[in-house]
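Q: Have a look at this prediction, sequence included:
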Amino acid sequence: MNFEKYLVKLTPLDYFFFGGENTFGGRDGSQSNYLVRSQYYPQQTALLGLVRHQLLLQNGLLVNDQITNHQEAALLIGERSFYHSEGANPSFGAIRSLTGLMYARRDDFYFPAGRTYGYDPDTNTLKKLKLTQQAGLPLLKDYSEKGGVLNLLGAKGKNKLMTYEEHLLENIDSCYLSKRQQGIHKNYQGKTEEKAYFIQTVFKLTSDCAFAFVVELATTVPGTSKPVQLQSQRMVRFGGEQSTFRMEVTPFQGEVEKQYPVYEADAHYHQIILLSDAYLPEYVPGQSAYFANTAITDFRCLQTEVRHTSNYATLGAKSSASQRPVYKSKKLSLLQRGSVFYGKDHQSLESLAASLEKETAFRTIGYNQYVTVPAPAPASSAG
């Protein structure tokens, strides 16, 4: 089977909202929140869902939101959506893999710069955090509890940095705009729900930025000679709030790894930097690495089956006895992109890297992506 890679760019047409656990709640019994804030970026499962939906639509298997041929649909996009209990070899039909989410800006691609930058609010300056020791214990030099760690994005080239936060640093651009809005939440039948008043923080990328990822697709539908179509669209909708984006699809040559920024090595410690959120059930703080600067994010996804799901709109609903409802997966905790792990030598991080590689299902759809940054070799003394 032959495969082709495509770069997919998603440019927001308006402000967007990506939920997560902090949402309005709903019929499935999840908690409602008065103050809700969008995530900065979509989950990889949302990107996978977008590709699967567009493949059905563009290859003539989705009419009026109904799958016309379930057998052909299963060949094209796989039997079911992402299940984290899937095992080592999930199958999504013609979809071989997705990369982790990137940011496209002009001719550059931006990735997490790593949680190695601190912010000093008193001087409004950015400081590179260095791992040192104090009384035999690891310590991040120049870390300010008041300012905390700043999440930055980096690209190839000198001083190519962006930040999520607006108007924070004069010499570093932000890729986001935000606004707060009020509203009344209604259910899928259009009725106002109890305690439905909310204040919502939504985001928009600046005009020169877009979300991006690379998808690898079979050139023909598995088991057939039918060509697989995935083309640009003026408008697509995805995410729980059906946010609108322009989707550009172009052939991609080479490897995404060649687009990574050059990460600054620590003078004494080897590092692993997460370039995507990562599922690491075997990770034990204090044991898997000498020191780690990490953050946690919640993970859930919607679970559906091509042959047995017809109503994709409402959680827990089914249209007939033979149909199965849409469910949310159980909640998992993922290590957030940008998290950094330090080791005193290369071998001390090998088990961590192996654990990241082990989660094949997650890696297939763009999770558990990382880069290793070795410490410089010690200078040899002259003989």
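A: Arrived safely.

Q: Neighbours of residue 146, how many?
A: Counted with other C-beta atoms under 10 Å, residues neighbouring residue 146 total 8. In short, each C-beta sits where N, CA and C put it, glycine included.

Q: so after the longest helix that the chain contains, what's the next helix or strand?
A: Taking DSSP state H as the criterion, the chain has its longest helix at helix 44-58. Using DSSP states H and E, the next helix or strand after helix 44-58 towards the C-terminus is strand 62-63.

Q: Run me through the strand neighbours of that following strand, direction for each.
A: strand 66-67 (antiparallel) (DSSP bridges).

Q: residue boundaries of the helices in the stretch 101-250 of the chain?
A: Under the criterion DSSP state H, counting those that start in this stretch, the stretch 101-250 of the chain contains no helices.

Q: can you give me the strands for it?
A: Per DSSP state E, counting those that start in this stretch, the stretch 101-250 of the chain carries strands over the ranges 102-105, 108-112, 117-120, 125-128, 130-134, 137-141, 152-154, 161-163, 173-174, 176-186, 192-205, 209-218, 233-238, 243-251.

Q: Compute the inter-axis angle for the helix or strand that contains residue 9 and strand 209-218.
A: Per DSSP H and E: residue 9 is located in strand 3-12. The directions of strand 3-12 and strand 209-218 differ by 160 degrees, with axes from the mean of the first three to the mean of the last three C-alpha atoms, to 10 degrees as the criterion.

Q: Run me through the strand neighbours of whichever helix or strand comes after strand 3-12, direction for each.
A: Using DSSP H and E, the helix or strand that follows strand 3-12 in sequence is strand 35-37. Strand 35-37 has these partner strands in its sheet, going by DSSP bridges: strand 192-205 (parallel).

Q: Now do the partner strand, average pLDDT.
A: Here strand 192-205 scores 76 as its mean pLDDT.

Q: tell me which strands and helices the strand holding residue 9 is in contact with?
A: Judged by 3 or more C-beta pairs under 8 Å, 6 or more residues apart in numbering; DSSP states H and E, strand 3-12 is in contact with helix 44-58, strand 192-205, strand 209-218, strand 243-251.

Q: before we move on, the earlier item: out of the strands of the stretch 101-250 of the chain, flag the one nearest residue 346.
A: With C-beta to C-beta as the criterion, residue 346 lies closest to strand 130-134 of those, at 16.0 Å.

Q: tilt between that closest one and strand 137-141?
A: For strand 130-134 against strand 137-141, the angle by the same axes, to 10 degrees is 140 degrees.

Q: Just the C-alphas of stretch 262-278, formatted as PDB.
A: What follows is stretch 262-278, C-alpha atoms only, in PDB (Å, rounded to 0.1, in the frame of the first residue of the first chain):
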ATOM      1  CA  VAL A 262      17.400  23.900  17.800                       C
ATOM      2  CA  TYR A 263      16.900  23.400  21.500                       C
ATOM      3  CA  GLU A 264      19.500  24.900  23.800                       C
ATOM      4  CA  ALA A 265      21.300  22.200  25.700                       C
ATOM      5  CA  ASP A 266      21.700  22.300  29.400                       C
ATOM      6  CA  ALA A 267      25.400  22.400  30.400                       C
ATOM      7  CA  HIS A 268      25.100  19.500  32.800                       C
ATOM      8  CA  TYR A 269      21.900  17.600  32.200                       C
ATOM      9  CA  HIS A 270      20.300  15.600  29.400                       C
ATOM     10  CA  GLN A 271      16.700  16.600  28.600                       C
ATOM     11  CA  ILE A 272      13.600  15.200  27.100                       C
ATOM     12  CA  ILE A 273      11.100  17.800  26.000                       C
ATOM     13  CA  LEU A 274       7.500  16.900  25.200                       C
ATOM     14  CA  LEU A 275       6.300  18.300  21.900                       C
ATOM     15  CA  SER A 276       2.800  17.100  22.400                       C
ATOM     16  CA  ASP A 277       0.600  16.000  25.400                       C
ATOM     17  CA  ALA A 278       1.700  12.600  26.500                       C
END
